[in-house]
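Undergrad: Make a model of this:
(one chain, ligands or ions: 2)
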Amino acid sequence: MVVLSVPAEVTVILLDIEGTTTPIAFVKDILFPYVKENVKEYLQTHWEEEECQQDVNLLRKQAEEDSHLDGAVPIPAASGSGVDDPRWMIQAVVDNVYWQMSLDRKTTALKQLQGHMWRAAFKAGHMKAEFFEDVVPAVRKWREAGMKVYVYSSGSVEAQKLLFGHSTEGDILELVDGHFDTKIGHKVESESYRKIASSIGCSTNNILFLTDVSREAGAAEEADVHVAVVVRPGNAGLTDDEKTHFSLITSFSELCLPSSA
Ligand SMILES: CSCCC(=O)C(=O)COP(=O)(O)O
Ligand SMILES: [Mg+2]
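TA: Ligands and ions are numbered 1, 2, ... in the order given. Sure, this is the predicted structure:
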């Protein structure tokens, strides 16, 4: 087995979800289709609720920022007179969500709505999140060795907690010391990793970030975070340069902690 030695200064392991802890297929074949199939009915059912209106307002703001993009779908402002036909507004939101999802956009607005939609499915037991089999044993071992374990995903913190709380391995939420999403910044921006370190209360070089996406690994590295790119079945391929530049692992069991951790 290939072994990657974790530098002695690392005290925090920061985990990506899709493509790292969890198969991309689970996200693409289960989570995303659930949203596409149910978004219209979800909006119709919850339209009058505060949370739903907050989600719509965030999507509308994002649509304004996206108005210069090719194919962007606008969400008209409500007139405030109460005479708007919700059916017309709901269709605009549905079209916007479909457009964003067709590009696999990671906007906070889209991720917030998706998280709220998955809540009902997870809580009703209709869905269980898949984790690669090496994840839970490795995370338990790291924690026993004194490591802190955090999650940083484009999925909203609420969605992350749903996945860890309703997994094929049971409720594994207790294995995570904390969660970060795009509210702290996007994963391809190095500033996000500085903010995460400051929020945890450590230096960036105390963190080891595990992700499947080399642009995210590059951004973290720029902030002086240690990185390893996780190669899993179904993940996008890496270029030869990426394969040479980054440390690669195919299983969390390949990480060897410093004996003092
Ligand atoms: C944790 S929610 C489900 C996955 C998701 O919506 C997503 O965008 C995952 O992105 P990641 O940053 O974990 O690769
Ligand atoms: Mg990922």
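
Undergrad: Domain ranges for this protein, per the record?
TA: Here the domain parsing of the chain from the TED database is 4-22+129-256, 28-124.

Undergrad: what about the longest one, start to end distance?
TA: End-to-end distance for domain 4-22+129-256: 6 Å, by C-alpha to C-alpha, to the nearest Å.

Undergrad: how near is the residue in the stretch 51-200 of the chain that ligand 2 sits nearest to to residue 257?
TA: Here the stretch 51-200 of the chain gets closest to ligand 2 at one residue, residue 153, 7.0 Å apart by C-beta to the ion. Where C-beta positions appear, they are placed from N, C-alpha and C, glycine not excepted. Distance from residue 153 to residue 257, counting by C-beta to C-beta, to the nearest Å: 23 Å.

Undergrad: With neighbour numbers in mind, choose between those two.
TA: Neighbour count, other C-beta atoms under 10 Å: between residue 153 and residue 257, residue 153 has more, with 24 against 19.

Undergrad: Pull the contacting residues for the more buried one.
TA: By C-beta atoms under 8 Å, 6 or more residues apart in numbering, the contact list for residue 153 reads 16-18, 159-160, 179-181.

Undergrad: and those near ligand 2, which?
TA: With C-beta under 5 Å from the ion as the criterion, the contacts of residue 153 include 16, 18 near ligand 2.

Undergrad: What about the contacts of residue 153, which are in strands?
TA: Of these, the ones assigned to strands by DSSP state E are 179-180.

Undergrad: for the contacts of residue 153, which one is nearest residue 246?
TA: Taking C-beta to C-beta as the measure, residue 246 sits nearest to residue 16 out of the contacts of residue 153, at 13.4 Å.

Undergrad: wait, that closest one sits on residue 208?
TA: No. If you go by C-beta atoms under 8 Å, residue 16 and residue 208 don't touch, sitting 11.8 Å apart.

Undergrad: Need the residues touching each of the two.
TA: In terms of C-beta under 8 Å, 6+ apart, residue 16 and residue 208 are not both contacted by any residue.

Undergrad: who's in contact with the nearest residue to residue 123 once chain neighbours are set aside?
TA: Take residue 123 and drop its neighbours on the chain: the residue closest to it by C-beta to C-beta, 6 or more residues apart in numbering is residue 166, 7.6 Å away. The contact partners of residue 166, taken as C-beta under 8 Å, 6+ apart, are 122-123, 125, 127-129.
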